[in-house]
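[1] Build me a structure from this.
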Amino acid sequence: MTANDWAPSAALDTLRRRAQFLARIRQFFFDRNVLEVETPALSSAGTTDLHIESFFTDSQDGCRFFLHTSPEFAMKRLLAAGSGPIFQLCRVFRNGERGRRHNPEFTLLEWYRPDWTYHQLMTELDELSQILLKTETADRVSYADVFYAHTGIDPHASNSSQFRQCAHERGIDLNGDLGNDADAWRDLLLTHLVEPNLGQARPVFVFDYPASQAALARTRGGAVPVAERFELYYKGVELANGYQELTDAGQQRARFVADVAVRNSAGQAHVPFDQRLVAALESGMPDCAGVAVGVDRLFMLAEGGDRLDSVIAFPWDRA
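    Predicted coordinates:
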């Protein structure tokens, strides 16, 4: 702690512009008759995502609650109840994420469009980013094409040995071996060789990820099965993650169970999966597309900055 730790890390003029930025986001959705909703930040279930850790707290009666890493599960319950198109601006929490572009507490924009495809949702997100970032129309490229363009290998057909060889040839410094985890190798090459080049001239959507990286997205069969998922990048920064949402309750339960098993075997914190979400899917959630956008990163780029601390009042080390 230093003498100036009481002060905000962002300038007051920046925070005033941030308030206007949030107002423009809300107006964008109000103009399109998308309902703003609020859902609990604390939940009896947490994310089973293998790459995300939740904060948790225990109540006086001994029940454990998790701070949400995304409002997704509760918003899908609203969709199943017939809410129609909805959006939410809220604070979310992810344990252990701290860096130039990460803060354990951050602002997320999430919205869902029933009866839309994920390509339609990309178009709407593109319209929003053009307003907020004053950019040109975004490019679109498949995961397979952009991965091959920057690594020279096919991410769907290659194996762990080929990924390892590529990393070695490109001089990527490995902190230990990733074994035969093909997705870990893909992510390594993506973060080191692909992402820094994305969206330098204008934003770019990367879509149709490997089926093994579906998370909560629907998968599409074919000669090469893919996850109907997209991410938005600008200036090498990942801004958004969107899906053609999985609505099959059986598949969702199976994915949750598999994730919990992997987490437990890896010694990660045990997190109960959301039974209420599965029940909502069983009741009949409509086909829809959804996306989550990191608002702090979006505003950081709008301000021409490269550190989140410059656009939030009190980062983790001043909280």
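[2] Counting by contacts, list what the longest helix seen in the chain packs against.
    Secondary structure of the chain per DSSP state H: the longest helix is helix 12-30. Applying 3 or more CB pairs under 8 Å, 6 or more residues apart in numbering; DSSP states H and E, one finds that helix 12-30 contacts strand 35-36, strand 86-93, helix 118-133, helix 295-302. The way it works is simple: take the backbone N, C-alpha and C, and place the C-beta from them, glycine included.
[3] Let me know the pLDDT of the closest residue in space to A280 that isn't next to it in sequence.
    Excluding its sequence neighbours, the residue lying closest to A280 (CB to CB, 6 or more residues apart in numbering) is A80, at 3.9 Å. Looking at A80, its pLDDT is 98.
[4] quick one: A80 from R255, how far?
    18 Å (CB to CB, to the nearest Å).
[5] How about R140?
    Distance from R140 to R255, by CB to CB: 27 Å.
[6] And the helix or strand harbouring R77, what does it pack against?
    Taking DSSP states H and E as the criterion, R77 maps to helix 72-80. Applying 3+ CB pairs under 8 Å, 6+ apart, one finds that helix 72-80 makes contact with strand 86-93, strand 105-114, helix 275-284, strand 288-294.
[7] Would you mind finding the most buried of the ones you listed?
    strand 288-294 (a mean of 23; mean count of other CB atoms under 10 Å).
[8] Pairing partners for that one, with directions?
    The strands that strand 288-294 pairs with in its sheet are strand 105-114 (antiparallel), strand 237-244 (antiparallel) (by DSSP bridges).
[9] Run the angle between the next helix or strand after the shortest one and helix 72-80 for me.
    The one in question is strand 237-244. Counting by DSSP H and E, the element after strand 237-244 in chain order, helix or strand, is helix 249-265. For helix 249-265 against helix 72-80, the angle by axes from the mean of the first three to the mean of the last three CA atoms, to 10 degrees is 170 degrees.
[10] could you check the angle helix 275-284 makes with helix 249-265?
    Computed by the same axes, to 10 degrees, the angle separating helix 249-265 from helix 275-284 equals 160 degrees.
[11] Just the mean pLDDT for helix 249-265, thanks.
    pLDDT averaged over helix 249-265 gives 93.
[12] If you count neighbours, what's buried in it?
    Neighbour counts over helix 249-265 (16 or more other CB atoms under 10 Å) mark A249, Q252, R253, R255, F256, D259, V260, R263 as buried.
[13] picking up where we left off before, angle of the longest helix of the chain against strand 288-294?
    Using the same axes, to 10 degrees: helix 12-30 against strand 288-294 is 170 degrees.
[14] Flag every buried residue along helix 12-30.
    In helix 12-30, counting by 16+ other CB under 10 Å, buried: T14, R17, R18, F21, I25, F28, F29.
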